[in-house]
Every structure is written in C-alpha cells, then in structure tokens.
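J.: A predicted structure for the sequence below; I have some questions about it.
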Amino acid sequence: MIPLISLDSLRVSWIHISGEGFGLYGFLLYTNADEGIWHYIHHGGMLDLDYLTGEDCAVFVLDQPPPDFVAHAVQKNHVWYRYFAHTGARTTNGGESNGAQVDEEAGENNAGGFSRNILEHLHNCVVVVGHGNQVVAESLLDGPVVDRDELGKVLMHLGLNFGDLPCLVWFTSLDERHFDLVDLQDIADGNAARDFFRRYFTSASFRKLLDVARTEHASS
C-alpha cells in the first residue's frame, strides 16, 4: 500500500516506483462517506492490505496513512517511507525543516521522505496550517478526510466518475487507458471490507491477474 496526497505526487515519483519491480499497480478509490472501506483502512486495514498485496503489487490510496502504518513503514524502509513521506514539519523546539533538509539528514536511501526521527516522534511535532495555526502532527493522521478534488483528478485520469466509487482499479502503467475495475459498492462495513479483501487477494482470479502482469513486466 502506498498512500498519496495527489496524482501529481505519483507522476513525479513514477520513475522511482516503476523501478521497484512491481508488475501490477492499483488505485483503491473511496471517500470517507464510503464508511465500510474508510473504517477498514483506518482500523488496521492498510497494514492488512500491505501484506496481502505482496511485493509484486503496489496499491495507491489517496488518504493519510494511519499511525500503525507509519510505524510499519519506518521499520521496514517501505516504498512510501522512501518516496512519499514528505514533510514541512516544524518541531517543538522551533526548528523548521523542508524536504531538502530532511533529505540531507536522512541520507540518499531516504530521498524525499520524512526523517526517521520525525516519524518516530510525531507527538512532539507541530505543523503550521493556514495563517499560523499549529496542530500536533500526529493528529493529522487520525481520521483525515479524503481530498475530493485530488480524487476527482484520479477518476478523470482513469475515465471514471464519482458514481463508480468505491472501487479498486488495476493497471500496469500510469498512462495506459486499459484497466480492470473491481466494484466495491456492496461493502457495508469494516468487517465486510476485511473479509472481502482477504478472500479477493487469496483468490485464483487475483493470482491470474498478477501472473499476467508479471509476464508482461518481464517481457517489457
């Protein structure tokens, strides 16, 4: 699982992501109004899906990562941690760090990401929002609202609309227009989402989809 803030952030990092060896990519698309999916993601589901999707598959989601996922990403040097955990955080001692400063401190294996120190001490960091308003960074990871504008850009890119939500969309290249769509509109609650995804990602149909994508990736 790879949380994103926007489609543009994925475009900027696509050369790195496409070099990670993934054969299949997906977008898990929803808003916080899709309570079943949203509740699942923010109550252990993002970690579950990161395990279920495996190393050959990357699923992007336009949502903030829950704290348990952040801790996991730091520990495992996760793809999200390396390429997408950007920061403009201000620490409680008044020091301000931008992306370039964090890169220099964290080393090239952490390019573009939070420093490990910041991620492990979110409760001691504040973020300036609006006109000087400060909030604890950790609170930004608690129950965020999915950005409809950015979601709309992804839907437009894929030729979909809000009537198709929630859904899971599979593709093998960011700029291709052929994709497979999995309808998630019948998922009513978090338990139903958990059960569906565990069945789906261990199913013969998903393994076949992944095998085809692996073959195409190997021959490209």
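T.: It's in. Residues are numbered from 1 along each chain as shown.
J.: just checking, which helix or strand of the protein averages the lowest pLDDT?
T.: Within the chain, no helix or strand scores below strand 90-91, which has a mean of 27 by mean pLDDT, DSSP states H and E.
J.: okay, now the domains of this structure?
T.: With domains defined by automatic domain parsing, the chain comprises 2-64+144-219, 82-142.
J.: quickly, which of those domains bottoms out on average pLDDT?
T.: Lowest mean pLDDT within the domains of the chain: domain 82-142, a mean of 48.
J.: quick one: list the elements packing against the lengthiest helix in the chain.
T.: Using DSSP state H to define each element, the chain has its longest helix at helix 204-219. Judged by 3 or more CB pairs under 8 Å, 6 or more residues apart in numbering; DSSP states H and E, helix 204-219 is in contact with strand 24-29. Bear in mind the C-beta positions are built from the backbone N, C-alpha and C, glycine included.
J.: doesn't Asp175 belong to a helix?
T.: No: counting by DSSP: H, G, I helix; E, B strand; the rest coil, Asp175 is not found in a helix; it is coil.
J.: quick check: closest non-adjacent residue to Arg11.
T.: Computed as CB to CB, 6 or more residues apart in numbering, the closest residue to Arg11 that is not its neighbour in sequence is Leu174, at 7.0 Å.
J.: and Leu184, how close does it get to Leu29?
T.: 9 Å (CB to CB, to the nearest Å).
J.: shared neighbours of these two, anything?
T.: Taking CB atoms under 8 Å, 6 or more residues apart in numbering as the contact rule, the neighbours common to Leu184 and Leu29 are Pro166, Cys167, Leu168.
J.: export those as JSON lines, with columns for distance to Arg214 and secondary structure.
T.: JSON lines is the format used below for the shared contacts of Leu184 and Leu29 (distance: CB to CB, whole Å; DSSP: H, G, I helix; E, B strand; the rest coil):
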{"residue": "Pro166", "distance to Arg214": "26", "secondary structure": "coil"}
{"residue": "Cys167", "distance to Arg214": "23", "secondary structure": "strand"}
{"residue": "Leu168", "distance to Arg214": "18", "secondary structure": "strand"}
